[in-house]
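S.K.: Kindly generate the corresponding structure for this input.
(chains A and B)
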Amino acid sequence: MQLLDIRNLTIELDTPQGKVKALDRVSLTIQDGEIHGLVGESGSGRSLLARAILGIPGSNWTIKADRMMLNGRNLLEMNSQERRSIMGSEMAMIFQDPSSSLDPVISVGSQLIEAMPASTGFWWSRGKKRKRAAEKWLHKVGIKDHKKIMASFPWELSEGECQKVMIAMAVANSPKLLIADEPTASMETSTQAQIFRLLSQLNQLHGVSILLISHELETVSQWCERLTVLYAGQVMEAGPTQQLIAKPFHPYTKALLGHIPDYTETTQQKSILPTLPGSAPALQHLPIGCRLGPRCPEAKKTCVKQPILCRKKGRHFACHFPYTNETCHDSTIA
Amino acid sequence: MTAPLLRVTDLHKRYFEGYRWFKRQYKQALKPVSFCLNEGETLAIVGEAGSGKSTLARILVGAASRTGGSICFEGESLANKDVKQRCKMIRMIFQDPNTSLNPRLTIGELLEEPLRFTTGMSSKERKTLVSETLVKVGLLPEHFEFYPHMISEGQKQRVAVARAIILNPKVIIADEALTALDLSVRSQILNLLVQLQKEMGLSYIFVSHNLNVIRHVSDNIIVLHKGVIVEQAATETLFNDPQHEYTKRLIREQSMFTHKR
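M.R.: Numbers count the residues shown, from 1 in each chain, chains lettered A, B, ... in the order given. Got it, this is the predicted structure:
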């Protein structure tokens, strides 16, 4: 069953230089109970996509989509009140920088209690119940000393502890979809491992679907069942992680995999790693057609036309010259 | 055998923490460490947060003072506060290229500054040297007139590298210089650093917690834990046969993030 189904989402930004298509016809499907990875460089529109799904657009955005369904309900037809009631209860988000997204002047405990679901029962016992719930969730995310954490302020805690509190706040209302926007940016390897273990535990025990946004392919591929690769606002390739990594169809995915130093084979130490020439384009100077075009090793004349997203055996790719012999007939964009 | 380029003996550092019963209290951030760095080699310093690896890097480059110990550069002891002498030999690349470059200066001015302060070059000589250095790191001489916000993040880090190599140093210290970068940009900068090492015979000291990258570039590794060197070995020896419990844990954690292909 599809939990989230997005077809041809386009986000246009109003900038002083005119309208800019920050996201160009992005399609994304998340199944019930899976961890879906979204990989892209900074500036590729990952955070825009996350905010568009959650429903917190910026003031200069124009969002257009063919379809945007969450659990069978159309997100595009809802008014802002209905959107707000879904936010936090059916989908929740963990933000990039945990220590700066918590309020520095309010103690962690009261912020956490605020995020707990409304409890029922006699009015005099409700406060206590919410506090208990908050403690219970702290225990569940792996914090043992709940008293000390709840009494302290966000700036007194380490990055990992802040992130755990954020996860507790997000998961307390038992959402169906959890959007994790770079949950482990600027963290130690051991803390990273803890956070990812926690997320996959939530996924298995509570059946929460997770959209994991990151720029590190090596990390994401370890934890996700399916991956979507984004470049400059266009979907390059999507598919099951194992297949995608074993045999990438798209030149960009292949290049990304080449960036990771590999020790299983005898790679020469200090050898030159394969890279794509140039750098990711700025939003004001996007190339026409396939946005990878100017940097792509396989680019030919036809690449000035944007390739359609092909679907073949559960894998999606948008390229005129993919690394596969299968030709594309069945397309999702017709 | 010739003397090593950089020899550090019993370097240690403690921070003043305040008074307690009228006694001065200190926190030992770095217990006495000793190591050597040869010319054209890369040394990596690995450890978790609070292990003193950044403190060590800052002391070496001269941004922090040491409490005791000696740093010998080519057999000569570096005086504790001789900044001018030191900053020509040892340069640093910082973590975040977005904040380490002055937004009010053009890239040309940024690169000229170290030359103005430490050498007696005329403005014409400085300009030619800046253009040459820009080409060396893979930018164009036209970037002289650009401001940092006009170029991409990868190019900014290239400017930071250019600023480090412009005085023709022997040692470059990179404090988490690759952590904040995107994957594709990271390998571009990594290639640049490796290539510069081959051309100029530079020595690097890498401070990082990403063992994957460390393994690719470094010759020797120091593992720091709570201010103590727990292990010190050549890269391949350390990865294939880690001795200390802490090193084993670090490698195990890292291997959780590297997929098997």
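S.K.: Quick one: name the residues of chain A near chain B.
M.R.: Contacts of chain A with chain B, taken as Cβ under 8 Å from any Cβ of the partner chain, map to A:41-42, A:158, A:186, A:188-190, A:192-193, A:215-219, A:221-222, A:245-246, A:255-256, A:258-264, A:267, A:269-276, A:279-280, A:282. To be clear about C-beta, it is placed using only N, CA and C from the backbone, and glycine gets the same treatment.
S.K.: Just the buried ones from those?
M.R.: A:41-42, A:188-190, A:192-193, A:215-219, A:221-222, A:245, A:255-256, A:258-261, A:269-270, A:273, A:275-276, A:279-280 (16 or more other Cβ atoms under 10 Å in any protein chain shown).
S.K.: check contacts around the residue nearest the centre of chain A.
M.R.: Of all residues in chain A, the one closest to the mean position by Cα atoms, centre = their mean is A:I213, 2.9 Å from it. Neighbour list for A:I213: A:G37, A:L38, A:R46, A:S47, A:A50, A:I179, A:A180, A:D181, A:E182 [criterion: Cβ atoms under 8 Å, 6 or more residues apart in numbering or on different chains].
S.K.: element containing the fourth one?
M.R.: If I follow you right, that is A:S47. Under the criterion of DSSP states H and E, A:S47 resides in helix A:46-54.
S.K.: what about that helix, average pLDDT?
M.R.: Average pLDDT, helix A:46-54: 86.
S.K.: Stretch A:179-189 now?
M.R.: pLDDT averaged over stretch A:179-189 gives 80.
S.K.: Pull out the CA atoms of it and give them to me as PDB.
M.R.: C-alpha atoms of stretch A:179-189 as PDB (Å, rounded to 0.1, in the frame of the first residue of the first chain):
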ATOM      1  CA  ILE A 179      10.600  13.000   7.500                       C
ATOM      2  CA  ALA A 180      14.200  13.100   8.700                       C
ATOM      3  CA  ASP A 181      16.100  15.900   7.100                       C
ATOM      4  CA  GLU A 182      19.800  15.200   7.600                       C
ATOM      5  CA  PRO A 183      19.300  13.700  11.100                       C
ATOM      6  CA  THR A 184      23.100  13.100  11.600                       C
ATOM      7  CA  ALA A 185      24.700  16.100  10.100                       C
ATOM      8  CA  SER A 186      27.900  17.100  11.900                       C
ATOM      9  CA  MET A 187      27.800  14.200  14.400                       C
ATOM     10  CA  GLU A 188      30.300  11.700  15.500                       C
ATOM     11  CA  THR A 189      30.300   8.300  13.900                       C
END
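S.K.: buried stuff in it?
M.R.: Buried residues in stretch A:179-189 (16+ other Cβ under 10 Å): A:I179, A:A180, A:D181, A:E182, A:P183, A:T184, A:A185, A:M187, A:E188, A:T189.
S.K.: Return the subset of the residues you listed lying in helices.
M.R.: Members of these lying in helices (criterion: DSSP state H): A:T189.
S.K.: quick one: what helix or strand has the residue minimising distance to the centre of chain B in it?
M.R.: The centroid of chain B falls nearest to B:I173 when counting by Cα atoms, centre = their mean (1.7 Å). Secondary structure from DSSP H and E places B:I173 in strand B:171-175.
S.K.: Show me what that strand is packed up against.
M.R.: Strand B:171-175 is packed against helix B:53-61, strand B:90-93, strand B:203-208, with contacts defined by 3 or more Cβ pairs under 8 Å, 6 or more residues apart in numbering or on different chains; DSSP states H and E.
S.K.: Out of those, flag the one nearest chain A.
M.R.: strand B:203-208 (10.5 Å; Cβ to the nearest Cβ).
S.K.: would you list every one of the strands in the stretch 1-150 of chain A?
M.R.: For the stretch 1-150 of chain A, strands defined by DSSP state E, counting those that start in this stretch occupy the ranges A:2-15, A:18-31, A:35-40, A:61-64, A:67-70, A:73-74, A:91-94.
S.K.: From those, pick the one with the highest average neighbour count.
M.R.: Most buried of these, by mean neighbour count (mean count of other Cβ atoms under 10 Å in any protein chain shown): strand A:35-40, with a mean of 26.
S.K.: Now do stretch A:202-212: everything it contacts.
M.R.: A:3-4, A:30-38, A:50, A:53, A:167, A:171, A:174-180, A:183, A:199, A:220, A:223-224.
S.K.: and B:F35, backbone torsions?
M.R.: Main-chain torsions, B:F35, degrees, to the nearest 10: phi -160, psi 170.
S.K.: Could you list the low-pLDDT ranges of chain A?
M.R.: By pLDDT under 70, the weakly predicted segments of chain A are A:186, A:261-268, A:326-334.
S.K.: which stretches of it form helices?
M.R.: A:46-54, A:80-86, A:98-101, A:108-114, A:123-140, A:146-151, A:159-171, A:189-206, A:217-223, A:241-246, A:251-258.
S.K.: what packs against the fourth one?
M.R.: So that's helix A:108-114. For helix A:108-114, the packing partners by 3+ Cβ pairs under 8 Å, 6+ apart come out as helix A:123-140, helix A:146-151, helix A:159-171.
S.K.: quick one: contacts of that helix?
M.R.: With Cβ under 8 Å, 6+ apart, helix A:108-114 has contacts from A:102-103, A:130-131, A:134, A:137-138, A:149-154, A:157, A:165, A:168-169.
S.K.: ok, now with 7 Å
M.R.: With Cβ atoms under 7 Å, 6 or more residues apart in numbering or on different chains as the test, helix A:108-114 has contacts from A:102-103, A:130-131, A:134, A:149-154, A:157, A:165, A:168-169.
S.K.: what's the farthest-apart pair in those residues?
M.R.: A:R130 and A:L157 (21.0 Å; Cβ to Cβ).
S.K.: contacting residues for residue 154?
M.R.: Picked chain A for this. By Cβ under 7 Å, 6+ apart, the residues touching A:P154 are A:S99, A:L102, A:P104, A:V108, A:C162.
S.K.: Correction: the question concerned chain B.
M.R.: Applying Cβ under 7 Å, 6+ apart to B:G154 gives the contacts A:S279, B:L181, B:V185, B:Q188, B:I189.
S.K.: So for the nearest residue to it once chain neighbours are set aside, what's the pLDDT?
M.R.: Leaving aside its sequence neighbours, B:G154 sits nearest to B:V185 (Cβ to Cβ, 6 or more residues apart in numbering or on different chains; 3.8 Å). Listed pLDDT for B:V185 reads 77.
S.K.: gap between the residue nearest to the centre of chain B and B:R86?
M.R.: In this view, B:I173 and B:R86 are 11 Å apart by Cβ to Cβ, to the nearest Å.
S.K.: try A:S101
M.R.: A:S101 is 40 Å from B:R86, by Cβ to Cβ.
S.K.: more neighbours, those two?
M.R.: B:R86 (19 against 14; other Cβ atoms under 10 Å in any protein chain shown).
S.K.: which residues sit in contact with that one?
M.R.: B:G62, B:L78.
S.K.: A strand includes it, no?
M.R.: No. Applying DSSP: H, G, I helix; E, B strand; the rest coil, one finds B:R86 to be helix, outside a strand.
S.K.: B:A164 touches B:I172, doesn't it?
M.R.: Yes. Using Cβ atoms under 7 Å, B:A164 makes contact with B:I172 at a distance of 5.2 Å.
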